[in-house]
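[1] quick check, what structure comes out for this input:
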Amino acid sequence: MSGHSKFANIKHKKEKNDAAKGKIFTMLGREIAVAVKAGGPDPANNGKLRDVIAKAKSNNMPNDTIERSIKKAAGAEDGVNYEAVTYEGYGPNGVAVIVEALTDNRNRTSANVRNAFTKGNGNMGTSGCVSFMFDEKGLIVIDREEVEMEEDELMMTAIEAGAEDFAAEEDSFEITTAPDDFSAVHEALEAAGIPMASAEVTMIPQTYTELTNEEDIKKMNKLLDLLDDDDDVQNVYHNWDE
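    Prediction:
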């Protein structure tokens, strides 16, 4: 089976910018809180929570920290209520950008995201203006150096659990699934003792846009850096072919 690693590289850029584990854990804590509020504290009966826990584990969030976050969210009557909001727009040269945020102040977040687009020589668009250019998929990335299982065996383990695609890249294996099959594939790999560099339901571009102008590249990086620095922003997806 074949694939490419551009979408994984996009995810890795976000992780580099969020190098401070404290920030990553804070973001994951918010996602856990929203998932618990929406579907309850039991991962067996809450698929969204199950997916967030998988993402948290791939980011090396300790189990006791995950459990504390779930208990805190389950018992929070008067805590902060976060609202999930999604923004769409364009970076330089029409690069498609999707921004997912969790916020307790929609006006503040909207102004900050709009400012990031403006300073990055882009512009915010209407809902749906670029999301049709992406596919929602489960994505699991495995570092080649961290896994002992043979490639063929690993591929069969993933496919038999319900994976759609298995791509062998130079330094990683990348497994994609339908969103509804992500949990089953993740659990099968976890049961097989496979370490995962990242595991989450994400947005994968259908096509990519190249930037050749140095000023455009500088502005695109500015846009991404401003979004990554915003505490309300959880995920940023784009189709820039870096």
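[2] what's the helix or strand for the closest residue to residue 70 other than its chain neighbours?
    Computed as Cβ to Cβ, 6 or more residues apart in numbering, the closest residue to residue 70 that is not its neighbour in sequence is residue 41, at 5.1 Å. All C-beta atoms are positioned from the backbone trio N, CA, C, and that covers glycine. Secondary structure assignment for residue 41, by DSSP states H and E: no helix or strand.
[3] burial count for residue 41?
    Residues contacting residue 41 under the criterion other Cβ atoms under 10 Å number 18.
[4] could you report the pLDDT at it?
    In this model, residue 41 is scored at 91, pLDDT.
[5] for it, what are its contacts?
    By Cβ atoms under 8 Å, 6 or more residues apart in numbering, the contact list for residue 41 reads 49, 70-71, 73-74.
[6] closest to residue 186 out of those?
    Taking Cβ to Cβ as the measure, residue 186 lies nearest residue 49 of those, at 13.1 Å.
[7] skip the chain neighbours and tell me the closest residue to the most centrally placed residue in the chain.
    In the chain, the residue lying closest to the centroid (Cα atoms, centre = their mean) is residue 202, at 4.8 Å. Closest residue in space to residue 202, ignoring its immediate chain neighbours: residue 139 at 4.9 Å, by Cβ to Cβ, 6+ apart.
[8] who does that neighbour form a beta bridge with?
    Note on residue 139: beta-bridge partners by DSSP bridges are residue 176, residue 200.
[9] these two touch, right, it and residue 173?
    No: applying Cβ atoms under 8 Å as the test, residue 139 and residue 173 come out as separate, 11.5 Å apart.
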